[in-house]
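In: Provide a 3D model corresponding to the input given below.
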Amino acid sequence: LTMSKLWIIAKEVYRKNVKSWGFFFMVFAPFIVMGVSVLIGYFIANDESSHANETIAIVSQDQGLKDSLAQDNLTYKLAYYDDEASARQSLNQKGVNGYLMVKEDNGRVQATYYQKSTAHSLTLSDLAESLNRYQLSKIGQSLNLNVQQIATIRSSKVSIGKINLKESKDGTYSEEDARSLQVMARMGAAFVAIMLSYMLILAYSSIFAQEVALEKGNRVMEIILSSIPAKQHLLGKILGASLIMATQIGIYLILGIGFYFMTGVSSIFSYLEPFKPLLLGILPSFGLSLVFALMGMLAYMILSVLLGSIATRLEDVQKSIQPVIFTTIIGFYIAVYGLQQPNSPVVIIGSWVPFTSPFVMPVRLATETVSNLEIVLCLLGCFAFMVFSFWLALTFYQATVLSTSDKGVIHAFKRSYSLWKSEKDQKA
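Out: The predicted structure follows:
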């Protein structure tokens, strides 16, 4: 009979949330975020291209500079003026972005760009490179180099590649291009796992905490707990919440598997066929990242239910779950930092701390900067954190969910602790 009541609570939590518009929004929120990001990127690129043909006024009487810039095929249109006053006057003309004041001091070319504060900010790196090449040409002429030698100097450019060396157990090293598609795919998969954890924890922590606080605020909790033990009620809530998360993740898995097989069936996705080996290559690290993410989501979800039971009123829920929100944000930002600096002490320590490990560990997995032993130990740490959260909720839930206080969350927590302690003393 108790198990039957537990399932009734779980089904009620599941049914009420899955049929809500909020659930559909959470399912499609990652796709909306990605779509908005793509649109923003498109508009930024379109904005840059629309201003690429703007005119830059060059203030210089040096014919050699004019000839040098003409050879470089810059995207900007260039207009030349002999004095700064004329160039500044040209700013009132349509399409003129600003003017570049070019001077020569002791054989060194110096340039300063002037533009109105309301003008579009152009990327001047190509123009700076052109001026550097012109500077090299002048140095070559001063050294009496011939035209061919000067041309060789102008075209000289050093690029630095980056190779990651992975040390094996026998002391040998294998090489991997740091800018390869495989590395970028692993980093992208890690970012997906991090964003999924971040968004779901923030969304579900509020929903599940409000679920408990609403029943408590309406004084329905006393009636419910008169027919079912508090621990069974908590287990029903957790089971229902777990089923909701499993449904959302299951939808993503079905969409992902369907998309993968569509690449070999539909001509629309046929262009993705060559990337199948790449996708299969990132599955191990991505699968482990999801395991860390799932354990973190379950732990934070359980803590959110417990913290929601502390709140006496619905409007106090956001205050009561602040520990979950702050810890989630800290873990997320450490993970984002780790995408750039995976060997930073902050990232390494963050991957070992159970509160932040679900966010940070996917980064270290993607960058392959973690040993198998560390992975196992961190998995055990995350599992221990999840079990501890479960024990904490089972231990304090009956006291917190029945305590009422109008003096704020902190006072409610103190009162809950006093009730729990008195109950424990009575049993002893």
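
In: Can you mark which positions in the helix or strand residue 400 falls within are buried?
Out: Element membership for residue 400, per DSSP states H and E: helix 372-402. Within helix 372-402, the residues that count as buried by 16 or more other C-beta atoms under 10 Å are 375, 378-379, 381-382, 385-386, 389-390, 393-394, 396-401. Heads up, the C-betas are built off the backbone N, CA and C, glycines and all.

In: now stretch 281-293
Out: 282, 285, 286, 288, 289, 290, 291, 292, 293.

In: hey, which helix or strand in the protein has the poorest pLDDT?
Out: helix 409-427 (a mean of 68; mean pLDDT, DSSP states H and E).

In: one step back: I'd like the buried residues of stretch 281-293 written out as a markdown table, with pLDDT added.
Out: Shown next, in a markdown table, are the buried residues of stretch 281-293 (pLDDT from 0 to 100):
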| residue | pLDDT |
| --- | --- |
| 282 | 80 |
| 285 | 85 |
| 286 | 86 |
| 288 | 90 |
| 289 | 90 |
| 290 | 89 |
| 291 | 90 |
| 292 | 92 |
| 293 | 90 |
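
In: helices or strands up against the longest helix seen in the chain?
Out: In the chain, assigned by DSSP state H, the helix with the most residues is helix 181-217. When contacts are defined as 3 or more C-beta pairs under 8 Å, 6 or more residues apart in numbering; DSSP states H and E, helix 181-217 sits against helix 21-50, strand 173-177, helix 230-262, helix 276-310, helix 317-320, helix 322-338, helix 357-367.

In: I'd like to know which of those lies nearest to residue 130.
Out: Nearest to residue 130 among these is helix 21-50; the distance by C-beta to C-beta comes to 18.7 Å.

In: What mean pLDDT does the closest one get?
Out: Throughout helix 21-50, pLDDT has a mean value of 79.

In: Could you pull up the residues touching the residue nearest to residue 204 when sequence neighbours are not counted?
Out: Of all residues not flanking residue 204 in the chain, residue 301 sits nearest, at 5.7 Å (C-beta to C-beta, 6 or more residues apart in numbering). Neighbouring residues of residue 301 by C-beta atoms under 8 Å, 6 or more residues apart in numbering: 201, 204, 205, 208, 238, 241, 242, 245.

In: The residue in the chain sticking out farthest from the centre: what secondary structure?
Out: Going by C-alpha atoms, centre = their mean, the residue of the chain most distant from its centre is residue 144, 54.8 Å out. Of the three states, residue 144 takes coil under DSSP: H, G, I helix; E, B strand; the rest coil.

In: So residue 119: helix, strand or coil?
Out: Assignment for residue 119 (three-state DSSP): coil.

In: repeat for residue 78
Out: Residue 78 carries the three-state label strand when classified by three-state DSSP.

In: in the stretch 101-250 of the chain, what spans have low per-residue confidence?
Out: 154, 165, 167-168, 177-178, 217-219, 221-222 (pLDDT under 70).

In: So for the residue nearest to residue 204, what's the pLDDT?
Out: At residue 301, pLDDT is 89.

In: Would you mind stating the distance between it and residue 95?
Out: Distance of residue 301 to residue 95, computed by C-beta to C-beta, to the nearest Å: 57 Å.

In: Residue 224 too?
Out: From residue 224 to residue 95 the distance is 71 Å (C-beta to C-beta).

In: When these two are compared, which one has more neighbours?
Out: Comparing residue 224 with residue 95 by other C-beta atoms under 10 Å, the one with more neighbours is residue 224, at 16 against 11.

In: Which element, helix or strand, includes that one?
Out: Per DSSP H and E, residue 224 falls inside helix 221-225.

In: And for residue 56?
Out: strand 55-59.

In: and that strand, what other elements does it pack with?
Out: Judged by 3+ C-beta pairs under 8 Å, 6+ apart, the packing partners of strand 55-59 are helix 63-71, strand 77-81, helix 84-89, strand 96-105.

In: how much space between the closest residue to residue 359 other than its chain neighbours and residue 192?
Out: Of all residues not flanking residue 359 in the chain, residue 331 sits nearest, at 3.6 Å (C-beta to C-beta, 6+ apart). To residue 192, residue 331 is 16 Å away according to C-beta to C-beta.

In: Next, the angle strand 77-81 makes with the strand holding residue 56.
Out: Angle of strand 55-59 versus strand 77-81, following axes from the mean of the first three to the mean of the last three C-alpha atoms, to 10 degrees, is 30 degrees.

In: CA atoms of strand 55-59 as PDB?
Out: Presented in PDB, the C-alpha positions along strand 55-59 are these (Å, rounded to 0.1, in the frame of the first residue of the first chain):
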ATOM      1  CA  THR A  55      35.900  54.300 -46.900                       C
ATOM      2  CA  ILE A  56      39.000  55.000 -44.800                       C
ATOM      3  CA  ALA A  57      40.700  58.400 -45.400                       C
ATOM      4  CA  ILE A  58      44.500  58.200 -45.400                       C
ATOM      5  CA  VAL A  59      46.300  61.400 -44.500                       C
END
